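Enquirer: give the three-dimensional model of this entry:
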Amino acid sequence: MSSREARRHKAERLRTLLETQGETVQGNVEHLNQGRYEAIERFDRFEELRSEARDIKENAIEELPSLLETLQDRVEANGGHVYLAEDAEEANRYITDVAAAEDAETLVKSKSMTSEEIEVNDALGEIGVDVWETDLGEFVLQVAEEAPSHLVGPSLHKSRDEVATLFNRVFEPEEPFETAEELTEFARDYLGDRIREADIGMTGANFVLAESGTITLVTNEGNARKSAVTPNTHVAVTGVEKVIPDADALQPFVELISKTATGQDISQYVSMLTPPVDSPTIDFEAPDAPLGSGDADREFHLVLIDNGRMAMRDDEHLKETLYCIRCGACANSCGNFQSVGGHAFGGETYTGGIATGWEAGIEDLQTAGEFNDLCTGCSRCVNACPVKIDIPWINTVVRDRLNREQTPGEFEFLVEGLTPDSEGTVDLQKRFFGNFDTVATLGSATAPLSNWLADLGPVRTLMDRVFGIAPERDLPEFKRETLTGWFANRDSTIPEATAERTVVLYPDAYTNYVLTGRGKATVLTLESLGAHVELARPIESGRAPLSQGMIQTATSLAEDVAADLRPHLEEGRDIVVIEPSDLAMIRREYAKLLESGIAERLSENSYDVMEYVYGLIANGANADERAEIRDSVVYHSHCQQRTLGVDAYTEAVLEEFGVDFVTSDVECCGMAGSFGYKSQYYELSMDVGSNLTDQFEGTDRTIVASGTSCTEQLSALFRQDVTHPIELIAPGGQHK
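Expert: Predicted coordinates for the structure are as follows:
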């Protein structure tokens, strides 16, 4: 399949999911998110416990071989059995052997993503064992013969009406099911019968305590507990990464998982079982006999799954995946997941941003590559994750590895030698967007001709065919006069010798070649507040190639930026950055690309432009000429501003200037840099952006946005110019 055909196929699949599941997924995820926000707001120790949980997981994975030995000794001392399965085949062979030895006819399961991973239901079915899922969501999917779409809510993509229609068709009740209560009551009674009849019960395990051999199950339904203790034989299936040292280590996870997964202060059921449990066996064929009259013994089998996990443990970049506690917060926080759900944003088993790490580790790179590009690197998931996993970096690393497996495409000759890719062969679409600085340099040098040519129908058709650039998307308009050109031809109004401070403005590619007005406004505003402004060299920060998984190219550019800014740092100058995604690059990603010393200095001395303006004003700077802003404003902040925690500074400055403004509470505009330009993702991008349309449709206020992506998306949604906040407050108004 050609790249163009693959893009068209992906677009069609996403369109289908948007139409069939999108509304239900978004409604359910919004409910989970609102609960998560409120639960965290009520919990003062959230950040403290995130750090504690992270440390526990880091140490547990580091000490995993030793913990596994301790766990095996303890479970066997308790009278249970432990089996360490190298892969899914070994695990299923052991489990089916247990079932055969028990002459089992039926088995009941509680929800377990690990059992989904090894496809144990199919293996048991092949030897004639009837398997019943007892979690309501999993039961719905079993009846529907569908795969889970979420780590916590497997049937998140199904509405109540869809479930009612399904149950009415399959079970043919005397009175059709209509309400959630009727559906739940039926499932409870139906599955209760299956549990009583079962020969074996199977559960997963959220956490396993090595010191005591205790299995911890965190659920909102009682079926996991019933499945574990009602049948005489209990099989627990879980990944080796679920092992932690002891009960003391468990506490932060129990506090965190309920809040981040479902927005509850604590889950309905936290079951700690040290099997084989000593509760009496039950003989359901003798209902009048006292409990314990059954003559069978309790039997317990703990099946620990490797299936690539120990190799992940030794992988510098995939290792963090093993810290995951399967709460699903990364998926819930993701704008793209909110629109299409886990049947698009997921692999063979796992869903959401963290799925890339899981699928690359337990399946292969190609499986992860099917959905990896749906992660746009916005980093909202990092703030949501209870163990602070850097999920965007895992996605970037996998993207980089996928790039290196690419074979030359049919149009490779068009760009061979023209782009500075350290990686060599990279998909042409990614190569184009990863080298936006080269495109912008050429576009600006030949403007306005380049802009005219780019808008011609045949050119747009060719760009779609070769690079997968959505024909529906307006292209950036390159300016012939760059910001650096404008700056070089003017005299500073604040000489360095008399200025209170010297500030270095970093000119990102869009500011230098496209949105030059915000760069000019920044210079004039900083000068009006008493600062002398120097302009750094216009070197791409590395954000563009990094977003395409081109890590070597990004590293090379980061090193060039660092070399250019190092002398300014040595002079004690602050660095001001206009584009939030570049600020995030400098403050966060440079720590992975550069030597620690320079990365830390750049991070500590770089500021968002509105953050810096706020700091100047708060420290007494008073502009001789202050803009009078009469327009009322709607403001949308960039996702990277929010994840960095600098979004509040823009609002504070607008308040200082007396602006009548309303701030959008929509987390994602949907553009996400190059993502919204790609033909296969255009419709998804616009669907995510429709939340902004719903919020601001018909507004007569000036639309203000901080980031390039937001500016472009809002312009497309509302068909009007969008202003950067620095342009709003600049002396003399906007500067084109």
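
Enquirer: tell me which stretches of the stretch 601-736 of the chain form strands.
Expert: 606-608, 633-636, 661-663, 702-705 (DSSP state E, counting those that start in this stretch).

Enquirer: would JSON lines of the ones you listed with mean neighbour count and mean pLDDT be doable?
Expert: Yep, even glycine has a C-beta here, placed from its N, CA and C like the rest. Below are the strands of the stretch 601-736 of the chain laid out as JSON lines (neighbours: other CB atoms under 10 Å; pLDDT from 0 to 100):
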{"stretch": "strand 606-608", "mean neighbour count": "23", "mean pLDDT": "98"}
{"stretch": "strand 633-636", "mean neighbour count": "22", "mean pLDDT": "95"}
{"stretch": "strand 661-663", "mean neighbour count": "16", "mean pLDDT": "94"}
{"stretch": "strand 702-705", "mean neighbour count": "23", "mean pLDDT": "94"}
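
Enquirer: quick one: closest of those to residue 439.
Expert: Smallest distance to residue 439 across these (CB to CB): 22.5 Å, for strand 702-705.

Enquirer: counting by contacts, list what the closest one packs against.
Expert: With contacts taken as 3 or more CB pairs under 8 Å, 6 or more residues apart in numbering; DSSP states H and E, strand 702-705 sits against strand 633-636, helix 708-718, helix 725-729.

Enquirer: pull the residues that contact that strand.
Expert: Contacts to strand 702-705, defined as CB atoms under 8 Å, 6 or more residues apart in numbering, come from residues 631-638, 661, 669, 696, 711, 714, 718, 720-725, 728.

Enquirer: got it, and stretch 666-677?
Expert: Outside stretch 666-677, the residues touching it (CB under 8 Å, 6+ apart) are 333, 335, 373, 376-378, 380, 433, 436, 469-470, 473, 543-544, 547-548, 581, 636, 639, 642, 681-682, 684-692, 695, 705, 708-710, 712-714.

Enquirer: end-to-end on it?
Expert: 20 Å (CA to CA, to the nearest Å).

Enquirer: again with stretch 112-127
Expert: Stretch 112-127 has its terminal residues 21 Å apart, counting by CA to CA.

Enquirer: residue 110 and residue 263: what is the separation?
Expert: According to CB to CB, to the nearest Å, residue 110 stands 21 Å off from residue 263.

Enquirer: re earlier: show me how to select, in PyMOL, the buried members of the contacts of stretch 666-677.
Expert: Typed into PyMOL, the line below selects the buried ones among those, using 16 or more other CB atoms under 10 Å:
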select buried, resi 333+335+373+376+377+378+380+433+436+469+470+473+543+544+547+548+581+636+639+642+681+682+684+685+686+687+688+689+690+691+692+705+708+709+710+712+713+714
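
Enquirer: can you flag which of the contacts of stretch 666-677 belong to helices?
Expert: Residues of the contacts of stretch 666-677 located in helices (DSSP state H): 335, 380, 433, 436, 543-544, 547, 581, 639, 642, 682, 684-692, 695, 708-710, 712-714.

Enquirer: can you add distance to residue 116 and give the strands of the stretch 601-736 of the chain back as a markdown table?
Expert: A markdown table is the format used below for those (distance: least, CB to CB, whole Å):
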| stretch | distance to residue 116 |
| --- | --- |
| strand 606-608 | 42 |
| strand 633-636 | 38 |
| strand 661-663 | 41 |
| strand 702-705 | 41 |
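
Enquirer: and of those, who's closest to residue 53?
Expert: Nearest to residue 53, of those and by CB to CB, is strand 606-608 at 29.4 Å.

Enquirer: show me where pLDDT drops low in the stretch 401-550 of the chain?
Expert: Across the stretch 401-550 of the chain, the ranges flagged by pLDDT under 70 are 407-425.

Enquirer: in it, what residue spans correspond to strands?
Expert: Assigned by DSSP E, counting those that start in this stretch, the strands in the stretch 401-550 of the chain fall at 501-506, 531-535.

Enquirer: out of those, which comes closest to residue 70?
Expert: With respect to residue 70, and counting by CB to CB, the nearest of those is strand 501-506 at 51.6 Å.

Enquirer: okay, the angle between that closest one and strand 531-535?
Expert: Interaxial angle, strand 501-506 versus strand 531-535 (axes from the mean of the first three to the mean of the last three CA atoms, to 10 degrees): 30 degrees.

Enquirer: ok, strand 501-506: who's next to it in the sheet?
Expert: Its sheet considered, strand 501-506 pairs with strand 531-535 (parallel), strand 574-577 (parallel) by DSSP bridges.

Enquirer: nearest to residue 53, of those?
Expert: The closest of the strands paired with strand 501-506 to residue 53 is strand 574-577. By CB to CB, the value is 31.9 Å.

Enquirer: still on that earlier bit, and the strands of the stretch 601-736 of the chain: which comes nearest residue 622?
Expert: With CB to CB as the criterion, residue 622 lies closest to strand 606-608 of the strands of the stretch 601-736 of the chain, at 19.4 Å.

Enquirer: list the contacts of the closest one.
Expert: Outside of strand 606-608, the residues within contact range by CB under 8 Å, 6+ apart are 506, 574-577, 580, 583, 586-587, 615, 641, 644, 646, 649.

Enquirer: could you redo the last one with a cut-off of 10 Å?
Expert: By CB atoms under 10 Å, 6 or more residues apart in numbering, the residues outside strand 606-608 that reach it are 503-504, 506, 565, 569, 574-580, 582-587, 590, 612-615, 638, 640-641, 644-647, 649-650, 706.

Enquirer: which of the strands of the stretch 401-550 of the chain sits closest to residue 9?
Expert: Checking the strands of the stretch 401-550 of the chain against residue 9 by CB to CB gives strand 501-506 as the closest, at 39.7 Å.

Enquirer: which one of the strands of the stretch 601-736 of the chain lies nearest to residue 167?
Expert: Among the strands of the stretch 601-736 of the chain, strand 633-636 comes nearest to residue 167, with 42.1 Å by CB to CB.

Enquirer: list the contacts of the closest one.
Expert: Residues from elsewhere that reach strand 633-636 (CB under 10 Å, 6+ apart): 647, 650-651, 654, 659-669, 692, 695-696, 699-707, 710-711, 713-714, 718, 722-723, 725, 728.

Enquirer: contacting residues for the residue nearest to residue 78 when sequence neighbours are not counted?
Expert: Counting by CB to CB, 6 or more residues apart in numbering, residue 78 lies nearest to residue 213, which is 5.3 Å off, once chain neighbours are set aside. Contact partners of residue 213, counting by CB under 10 Å, 6+ apart, are 70-80, 82, 273-275, 300, 302.

Enquirer: ok, residue 397 next?
Expert: Applying CB under 10 Å, 6+ apart, we find residue 397 in contact with 315-318, 356-357, 360, 390, 549, 551, 592.

Enquirer: now do 7 Å
Expert: Residue 397 makes contact with residue 317 under the criterion CB atoms under 7 Å, 6 or more residues apart in numbering.

Enquirer: please tell me how far it sits from residue 94.
Expert: Residue 397 is 33 Å from residue 94, where distance means CB to CB.

Enquirer: likewise for residue 350?
Expert: Relative to residue 94, residue 350 is positioned 23 Å away (CB to CB).

Enquirer: more neighbours, these two?
Expert: Under the criterion of other CB atoms under 10 Å, the comparison of residue 350 against residue 94 puts residue 350 first, with 27 against 18.

Enquirer: residues contacting that one?
Expert: Taking CB under 7 Å, 6+ apart, we find residue 350 in contact with 113, 151, 358-359.

Enquirer: which one of those is nearest residue 459?
Expert: Each of those was scored against residue 459 by CB to CB, and residue 359 proved nearest at 37.6 Å.

Enquirer: restrict the helix or strand harbouring that closest one to CA atoms and write it as CSV.
Expert: Residue 359 is located in helix 355-362, with elements delineated by DSSP states H and E. Taking C-alpha atoms only, helix 355-362 is exported to CSV below (Å, rounded to 0.1, in the frame of the first residue of the first chain):
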residue,chain,number,x,y,z
ALA,A,355,-0.4,2.2,24.6
THR,A,356,2.5,3.0,22.3
GLY,A,357,5.0,1.8,24.9
TRP,A,358,3.0,-1.3,25.8
GLU,A,359,2.3,-2.3,22.2
ALA,A,360,5.9,-1.7,21.1
GLY,A,361,7.1,-3.8,24.1
ILE,A,362,4.7,-6.7,24.0
